[in-house]
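Q: Model the structure of this input:
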Amino acid sequence: MELLEHCALADKANRIAGSLTLLDRKRLELARALATIPRVLLLDEVAGGLTEHECAALVELIRHTRARGISIIWIEHVVHALVALVDRLAVLHAGSFIAGGDPAMVVRLPEVREIYMGIPADA
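A: Down below sits the predicted model:
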C-alpha cells in the first residue's frame, strides 16, 4: 500500500488497470517497477502523451522517487520534463552523442535546439 500511496494511487487500489487514466497507468507502471526495490530505475518515454498538467504531476512523482535514493536514467523526448528534474542531460541523435552536461546549458546549444525543438541553428 505504501507504493500506491507514493504513486498517488491508493484511492484507486481496487480499480482495473485498464480503467485508469493514462497518467495513472504510468503511475502504476512506476509502482510496479518500484516494487522490485531497484537501485537504478530506467524510464523510457514515460512523459509521452501526457498533458502539461499531467507531465508536471509525473515530474513531481519522479522527483519524490529520486529523493528515496533511487538513481534514475530517463530517456525522453519531452525535454522540458527532463530539464525540470535531471542533474545531467545527454543528447543523442541518430545514435550519436551530440551534447551533454548541465541541462540548462545543453538545451541552449544550437544543434540541440535545431534537432529537438525545430529552431534553426542560425536563429
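Q: Tell me the buried residues in stretch 35-48?
A: Applying a neighbour-count criterion of 16 or more other C-beta atoms under 10 Å, one finds L41, L43, V46, A47 buried in stretch 35-48. Heads up, the C-betas are built off the backbone N, CA and C, glycines and all.
Q: any idea of the mean pLDDT for stretch 47-56?
A: Along stretch 47-56, the predicted confidence averages to a pLDDT of 95.
Q: Show me what counts as buried in that stretch.
A: In stretch 47-56, residues buried by neighbour count (16+ other C-beta under 10 Å) are A47, L50, E54, C55.
Q: Map the structural domains onto the sequence of this protein.
A: Residue ranges for the domains of the chain, per automatic domain parsing: 2-86, 87-123.
Q: and those domains, which one is worst for confidence?
A: Per-stretch averages of pLDDT across the domains of the chain put domain 87-123 at the bottom, with a mean of 89.
Q: What residues sit buried inside that domain?
A: Buried-residue list, domain 87-123, by 16+ other C-beta under 10 Å: L89, V91, A99, P103, V106, V107, V112, R113, I115.
Q: For those residues, give me TSV that also has distance to I75 and secondary structure.
A: TSV is the format used below for the buried residues of domain 87-123 (distance: C-beta to C-beta, whole Å; DSSP: H, G, I helix; E, B strand; the rest coil):
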residue	distance to I75	secondary structure
L89	11	strand
V91	11	strand
A99	15	strand
P103	14	helix
V106	15	helix
V107	16	coil
V112	15	helix
R113	19	helix
I115	15	helix
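Q: Please identify which of these is nearest to H64.
A: P103 (19.1 Å; C-beta to C-beta).
Q: And the closest one, how close does it get to V86?
A: For P103, the distance to V86 (C-beta to C-beta, to the nearest Å) stands at 6 Å.
Q: can you check R25 too?
A: In this structure, R25 and V86 are separated by 23 Å, where distance is defined by C-beta to C-beta.
Q: How about L92?
A: Applying C-beta to C-beta, the value for L92 to V86 is 14 Å.
Q: repeat for R63
A: When distances are taken as C-beta to C-beta, R63 and V86 turn out to be 10 Å apart.
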